[in-house]
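Peer 1: A structural model of the following input is requested.
(one chain, ligands or ions: 1)
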Amino acid sequence: MSFENSSVVIRAIGSYVPEKRLTNEELSKIVDTNDEWITTRTGIKERRIAGETIQVSDMATEAAKLALERSGVAPEDIDLVIVATLSPETLSPSSACLIQDKLGLRKVPAFDLNAACSGFIYGLDIGKAMLSTGKYRNALVVGVEKLSAFTNMEDRGTCILFGDGAGACVISYVDEPDQGIIDCQLGSDGINARHIVIPAGGSKLPANEQTLKDGSQFLQMNGREVFKVAVRAMGQACEDILKKNDLTSDDITVVIPHQANIRIIEAIASKLELPMDHFFVNIQKYGNTSAASIPIAIDEANIERNFKKGDLILLVAFGAGLTWGASLIKWY
Ligand code: UT7
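Peer 2: Numbering: from 1, shown residues only. Now for the predicted structure:
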């Protein structure tokens with residue numbers, strides 16, 4: 001079978017963030033920090049916190065419902081569920097299975113993937129590959145995080161950064177060439193894994209009295225080192241995907257980068273020689289929501305800038321693993 005005359009497209013996207021806000025002002029009462037430092041060093045003003053009653057599957061289900069409604073694809077026509085998250089609701093079952101149930105989908109394949117902040121782009125590439133076999137027609141690709149559950153509120157180096165939320169898209173196989181997800185380039189570098197870790201809670205170090213005492217169930221990060229690698233890897237990923245597709249940065253309608261730090265985004269803009277208004281930024285409202293950051297940003301960018309069919313969107317992310325990815329999307 002040939003798929004040269006077909007594509008996998010993003011049909012629609014939706015997002016959800018919890019109502020509860022945690023402002024820089026409030027954080028400065030918890031740890032030794034201040035609004036001025038957080039704003040100038042990261043661009044973040046506030047983030048959303050799910051709290052005890054809102055779970056990963058709740059946030060993802062809300063985002064997915066919106067995406068389904070906007071796509072015109074009926075829940076019974078979804079053939080596959082891919083959920084990118086590093087903060088699953090439970091280690092087992094997968095969050096994808098919980099979401100499949102909450103949405104009342106057919107008993108279709110559903111699985112989680114963990115590529116941290118790059119997870120949504122990994123999900124798009126995997127979704128595209130699976131749909132391109134012709135076995136599945138429509139898939140839900142979700143990025144969702146409840147990072148507040150893994151944030152050490154005594155560590156000012158990390159607690160100012162992270163927030164909760166979800167974004168979801170419906171991707172579909174269509175009989176039209178050269179549309180939608182044009183290309184994805186993924187990468188990883190496990191040798192530098194030590195720079196972002198959650199040491200406890202996995203099979204190597206299950207939670208115990210000691211891990212609770214030393215807080216090793218929380219995310220730990222060597223921010224300065226990660227910053228440097230992020231700029232290098234994201235810049236390179238953008239250049240590689242543009243070159244491979246015979247494009248220059250001028251061909252891109254908008255770049256939607258992972259929202260980790262405004263200074264990282266500015267450094268990539270300078271590397272690509274693009275003005276900052278070519279980049280969509282909403283980090284001030286949500287902080288770093290890891291796998292949810294890109295789909296939330298696509299949803300908001302589309303609402304704000306009203307994408308037209310044929311607009312070229314460049315997605316780029318970087319995260320724990322270390323992982324990275326870039327994706328070229330022709331809006332459908
Ligand atoms: O999602 C993908 C993975 N994550 C990332 O991409 C994050 C990448 N890293 C970063 O965004 C930045 O490295 C941070 C925002 C985490 C930190 O910014 P930085 O400019 O690299 O600061 P730093 O760690 O070099 O710290 C500079 C100073 C230090 O004080 P001294 O040693 O110069 O006296 C820190 O102790 O700022 C201090 N500091 C703070 N001060 C006030 C660190 N955190 C804070 C804080 N408030 N929250």
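
Peer 1: Which helix or strand lies directly C-terminal to the helix or strand bottoming out on mean pLDDT in the chain?
Peer 2: Least confident helix or strand, the chain: helix 209-214 with a mean of 93, by mean pLDDT, DSSP states H and E. Reading on from helix 209-214 to the C-terminus, the next helix or strand found by DSSP states H and E is strand 220-221.

Peer 1: Name the SS class of Val9, please.
Peer 2: At Val9 the chain is in strand, as set by DSSP: H, G, I helix; E, B strand; the rest coil.

Peer 1: Give the bridge partners for it, please.
Peer 2: With DSSP bridges applied, Val9 shows beta-bridge pairing to Ser172.

Peer 1: Get me the contact residues on the stretch 101-250 of the chain for the ligand.
Peer 2: 117, 156-157, 160, 196, 223-224, 226-227, 230 (C-beta under 6 Å from any ligand atom). C-beta coordinates here come from the backbone N, C-alpha and C atoms, glycine included.

Peer 1: can you pick the most crowded of the residues you listed?
Peer 2: Counting neighbours by other C-beta atoms under 10 Å, Cys117 leads these with 31 neighbours.

Peer 1: Can I take it that that one is in a strand?
Peer 2: No - Cys117 is assigned helix when assessed by three-state DSSP, not a strand.

Peer 1: you'd agree it is up against Gly287?
Peer 2: No - with contact defined as C-beta atoms under 8 Å, Cys117 and Gly287 do not form a contacting pair (11.9 Å).

Peer 1: Quickly list what's touching both of these two.
Peer 2: Common contacts of Cys117 and Gly287 (C-beta atoms under 8 Å, 6 or more residues apart in numbering): none found.

Peer 1: circling back to that earlier point, list just the nearest of the residues of the stretch 101-250 of the chain next to the ligand to the ligand.
Peer 2: Gly223 (2.8 Å; C-beta to the nearest ligand atom).

Peer 1: Can you give me every residue that contacts the closest one?
Peer 2: So Gly223 contacts 157-158 (C-beta under 8 Å, 6+ apart).

Peer 1: next one: Ile126
Peer 2: 82, 113.

Peer 1: Roughly how far does it sit from Ala139?
Peer 2: Distance of Ile126 to Ala139, given as C-beta to C-beta, to the nearest Å: 9 Å.

Peer 1: How about Arg156?
Peer 2: Using C-beta to C-beta, Arg156 is found at 40 Å from Ala139.

Peer 1: do the same with Gly321
Peer 2: Gly321 is 23 Å from Ala139, where distance means C-beta to C-beta.

Peer 1: Tell me which of those two has more neighbours.
Peer 2: Ranked by neighbour count (other C-beta under 10 Å), Gly321 and Ala139 place Ala139 first, with 27 against 22.

Peer 1: For that one, grab phi and psi.
Peer 2: phi -130, psi 150 (degrees, to the nearest 10).

Peer 1: do the same with Ile198
Peer 2: phi -120, psi 100.

Peer 1: Which stretches in the chain count as strands?
Peer 2: Taking DSSP state E as the criterion, the chain carries its strands at 7-16, 21-23, 46-48, 80-84, 110-113, 138-146, 164-174, 180-188, 196-197, 220-221, 254-257, 312-319, 323-330.

Peer 1: most tightly surrounded among the ones you listed?
Peer 2: Scoring the strands of the chain by mean neighbour count under mean count of other C-beta atoms under 10 Å gives strand 138-146 as the most buried, with a mean of 31.

Peer 1: helices or strands up against it?
Peer 2: Packing partners of strand 138-146 (3 or more C-beta pairs under 8 Å, 6 or more residues apart in numbering; DSSP states H and E): helix 56-71, strand 80-84, helix 95-102, helix 119-132, strand 164-174, helix 293-305.

Peer 1: Check this structure and tell me which residue is nearest its centre.
Peer 2: Residue closest to the average C-alpha location in the chain (C-alpha atoms, centre = their mean): Ala291, at 2.6 Å.

Peer 1: wait, doesn't it sit right on Ser95?
Peer 2: No - under the criterion of C-beta under 8 Å, Ala291 is not in contact with Ser95, lying 10.7 Å apart.
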